[in-house]
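Engineer: when you get a sec, could you give me coordinates for this:
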Amino acid sequence: MEVAKLSTVFLIFFFNIATLIPSLRADIGEFDEVWQKRAEEAWKNALQAYNPHPEEVTSSLNNHVNKAIEASTNTTEITGAIKYEFEDDDLNGVNNTAVSSRRHLRGRHRGRRSLYNGRCMATNPIDRCWRCRKNWAEDRKRLANCALGFGHQSQGGKDGRYYVVTDNCDDDVVNPRPGTLRWGVIQKEPLWIIFARDMNIKLTQELMVTDKKTIDGRGVNVHIAYGAGITIQFVKDVIIHNIHIHNIVRTNGGMIRDSVDHYGHRTASDGDGISIFGSSKVWLDHLSMSECSDGLIDAIMGSTAITISNCHFTHHNDVILLGASDTYTRDSIMQVTVAFNHFGKGLIQRMPRVRWGFAHVVNNDYTHWQMYAIGGSGRPTIISQGNRFIAPDDARAKEVTKRDYATEAVWKNWLWRSDGDLFMNGAFFVPSGPGNTRKFPYNNLQMIKAKPASFVRRLTRFAGALECKPGRKC
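Structural biologist: Here you go, the predicted structure:
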């Protein structure tokens, strides 16, 4: 079986590159030799990052969750002192069966940490790795050791120096100034990028991030808003942590520098908050995202080894897209972990929507959707474990799942599994595939072991951007 899987992957790799160029171009106006070389190198990196035994990853993550919960339940701060806060405006239109379970984030662009003023509580295994340490600001790169799930290999800029963003301007996208965020993300060397102060950054064109970069917003309040979004295209080892991304708009494109020694014409951008295109080893953590013109997060065109964790999503239609097309078979190597996130107020669909690949959706809190929560097409594998789903009152939107472009005779063979999920207000998940007979070979780092859904509010308590202060536990 393993040999067959690997043979399939490498047959895809040797598929004529010329036939793929139209799809690979994305927003690249001129797919020149530089971009062609990047695309080929990125595909090789993706194959190396791909794990033919994804269950090893999910099991590892599960074990870490259980250890974190066991440690937490031995402390009074978890078992006796947590008080959840609600506001009436989050409960409008919700019947009494679900009212007591809804949560609210005060304001659209504030982290969940702002709701809590007590002692530091790291309630899931990723946060326990770094958050409740007073010296986190002196040991920022410890964060790179904390990722779990399929993106656990991402090191970002751990091996590089610190680069401090001192200038929030973005007025020259071909020759950006030192001190700007754009100058930092295009450098050849690994960089751990931090910010000198609170900043609102309006990107005039999409921000092109190169290999081995960490964008770390801890200790300040950073918003990327009202301009273009972030593009991670044909690169590897990227971490984006603790920033707000909202109100991202479409831009017209033009000449944009994408590395120190290359710039070129890019066509109009879609208005995604974060676009991951043909990239691998990417970790997105503690982001607060809302109100973008297209998707909040897109991971497409052969991207793999990705973790999306501890994020708070609100006020948006198409939340997370994994896989661009039912005909793009390279997305069969896509492996994505979606863990400890809060899908909150004003969301409609795609949390996520998956094509071809393997998605492990574990211990997330789904308190709002208007159409469906998890969907897909192109025979993806979706493993949903320990999530809490609170359906809307609309009787037509109670189903968590949605399958597109296939009859039941076809999709009944797709592996979609619900294990230990909690369904409230009439929510239900329609499973398919071989049920519990299939074993997954992923290790404990790659596949998080779910805790029962009754723990979800605890595990996602601090989803979104945190209000960290140097010298204090975060």
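
Engineer: show the average pLDDT along stretch 381-391.
Structural biologist: Average pLDDT, stretch 381-391: 97.

Engineer: repeat for stretch 408-416
Structural biologist: Average pLDDT, stretch 408-416: 96.

Engineer: equivalent analysis for stretch 169-189, please.
Structural biologist: 98.

Engineer: tell me the gap between it and the middle of its chain.
Structural biologist: On the basis of Cα atoms, centre = their mean, to the nearest Å, stretch 169-189 is displaced by 24 Å from the centre of the chain it belongs to.

Engineer: list the buried ones in it?
Structural biologist: D170, V173, P176, T180, L181, R182, W183, G184, V185, I186, Q187 (16 or more other Cβ atoms under 10 Å). In this view, the C-beta of every residue, glycine as well, is placed from N, C-alpha and C.

Engineer: ok, which stretches of the protein are helices?
Structural biologist: 2-13, 21-24, 33-49, 55-72, 76-79, 96-99, 125-128, 181-185, 408-411, 456-459 (DSSP state H).

Engineer: worst mean pLDDT among these?
Structural biologist: helix 76-79 (a mean of 37).

Engineer: let me have the buried residues of stretch 169-189 in CSV, adding distance to R161 as columns.
Structural biologist: Formatted as CSV, those follow (distance: Cβ to Cβ, whole Å):
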residue, distance to R161
D170, 22
V173, 24
P176, 18
T180, 17
L181, 16
R182, 18
W183, 14
G184, 11
V185, 14
I186, 15
Q187, 10
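
Engineer: show me what contacts the residue nearest the centre of the chain?
Structural biologist: Geometric centre of the chain, nearest residue: I308, 2.7 Å, by Cα atoms, centre = their mean. Applying Cβ atoms under 8 Å, 6 or more residues apart in numbering to I308 gives the contacts G151, L284, I297, I320, V336, T337, V338, A339, N341.

Engineer: restricted to buried residues, select those residues in ChimeraX.
Structural biologist: Buried residues among the contacts of I308 (16+ other Cβ under 10 Å), as a ChimeraX selection:
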select :151,284,297,320,336,337,338,339,341
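
Engineer: quick one, grab the pLDDT at S303.
Structural biologist: 97.

Engineer: that one and G278 touch, don't they?
Structural biologist: Yes - under the criterion of Cβ atoms under 8 Å, S303 lies in contact with G278, with a separation of 6.1 Å.

Engineer: mutual contacts of the two, please.
Structural biologist: Contacts common to S303 and G278, judged by Cβ under 8 Å, 6+ apart, are A46.

Engineer: ok, these two, which is more surrounded?
Structural biologist: Using other Cβ atoms under 10 Å as the criterion, S303 and G278 rank with S303 on top: 32 against 25.

Engineer: so what does that one have for phi and psi?
Structural biologist: With angles defined as degrees, to the nearest 10, S303 sits at phi -70, psi 150.
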